[in-house]
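1. take this sequence and fold it.
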Amino acid sequence: MLSPILEKLTATDEVKTGSGKALDLVTVDTDTEIDLAQSYQIRSLPTVIAFKDGKPISQFMGAMPEQSVRNWLQSL
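-> As a prediction, the model looks like this:
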């Protein structure tokens, strides 16, 4: 499951983006936030989107192992 991995990685100060910035994790219930999900074209879960200055800059869909998620976060 992806949620525990994301929660773990964003809760620690040792995992940051490639630019050294800290991370905030926000989850959205796509069953109740249908318009929001549609605006970002979320068609499958899990979908993870990274934002910078309010704009999406990177995303992935589907579960990934912890090291892959860590690498993705550090590439931001």
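2. quick check: beta-bridge partners of the residue nearest the centre of the chain?
-> Centroid-nearest residue in the chain, with CA atoms, centre = their mean: V48, separated by 3.7 Å. Beta bridges link V48 to F60 when assigned by DSSP bridges.
3. quick one, what contacts it?
-> V48 sits next to 2, 6, 59-61, 72 when contact means CB atoms under 8 Å, 6 or more residues apart in numbering. The C-beta positions use only the backbone N, C-alpha and C, and glycine is treated the same way.
4. please, where are all the strands along this structure?
-> When assigned using DSSP state E, the strands of the chain occupy the ranges 47-52, 55-61.
5. low-confidence ranges, the protein, go.
-> For the chain, not a single residue meets the criterion pLDDT under 70.
6. one more pass at 80, please.
-> Under the criterion pLDDT under 80, the flagged ranges of the chain are 13-22.
7. all the helices of it, in order from the start?
-> 2-11, 34-39, 66-74 (DSSP state H).
8. and G54, which of those helices is closest to it?
-> helix 34-39 (12.9 Å; CB to CB).
9. leaving out the residues flanking it, which one is nearest to L6?
-> L25 (5.7 Å; CB to CB, 6 or more residues apart in numbering).
10. how about that neighbour, what does it touch?
-> Taking CB under 8 Å, 6+ apart, one finds 6-7, 10 in contact with L25.
11. compute the distance between Q67 and D53, please.
-> Here Q67 is placed at a distance of 28 Å from D53 (CB to CB, to the nearest Å).
12. so between these two, which is more surrounded?
-> Neighbour totals were compared for Q67 and D53, and Q67 leads with 9 against 5 (other CB atoms under 10 Å).
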